[in-house]
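Engineer: Just a sequence and a predicted model for now, questions to come.
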Amino acid sequence: MVADYSLAKWVPADPTNYRMANRASFDCVIVHVTDGRARPEPVAEMWQEPHHGSSAHFVIGQDGAIIQCVPLKDVAYHAHAVNSHSVGIEHCARSPKELGPDDGGLPVSEEQYASSSKLVAWICTTYGIKPSRATIMGHNEADHATSHADCPTGAGWDWTKYMAMVMAEYQKNVMVA
């Protein structure tokens, strides 16, 4: 298997951490932050552990590197009720104090915003999703059962900036198509 997105490295999650579905479409993208470290590899490795219980389609490191762990045709376990019709993207960032009282957090990097906006624009173009805040949302907005009430905003996620970047990339893709 290779990554669906050509700029992503393929590191497959264990099949117990997602549902094989062979779905032809989905209608939204869910943005997450890992509340962990800067690199995507440990997140991908965590999802390789059998019966871990969670996964996302992609994880993006602070340096902008993208790893795909679940095929887009399959259902990742990242946002409860919306899993079956969404794509999950984790970003290696962290809310302040997540790792203790002196933890200053790990804000989303410019490289992450750039890589993520290109990925999401590609997803929207490829799968016929009109990018908007109704189709691109935070974990806390899409999943009312989550215990992560501040994901992704607790890590300083800038929706205005991000959506402008996604729209700019989307327009480039539409002009090429």
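Structural biologist: It's in.

Engineer: Which strand residues bridge the residue sitting nearest the centre point of the chain?
Structural biologist: The C-alpha lying nearest the average C-alpha coordinate of the chain belongs to Ile89 (Cα atoms, centre = their mean; 0.7 Å). Beta-bridge pairing for Ile89 (DSSP bridges): Val31, Phe58.

Engineer: Just the pLDDT at it, thanks.
Structural biologist: pLDDT recorded at Ile89 is 98.

Engineer: Low-confidence stretches in this protein?
Structural biologist: Judged by pLDDT under 70, the chain has its weakly predicted residues at 177.

Engineer: can you pull out the helices in it?
Structural biologist: Using DSSP state H, the helices of the chain run over 41-47, 110-127, 139-142, 159-176.

Engineer: what about these, which gets the closest to Ile60?
Structural biologist: Of all these, helix 110-127 sits nearest to Ile60, with 5.2 Å by Cβ to Cβ. Yep, even glycine has a C-beta here, placed from its N, CA and C like the rest.

Engineer: how about the closest one: buried residues?
Structural biologist: 112-113, 115-125 (16 or more other Cβ atoms under 10 Å).
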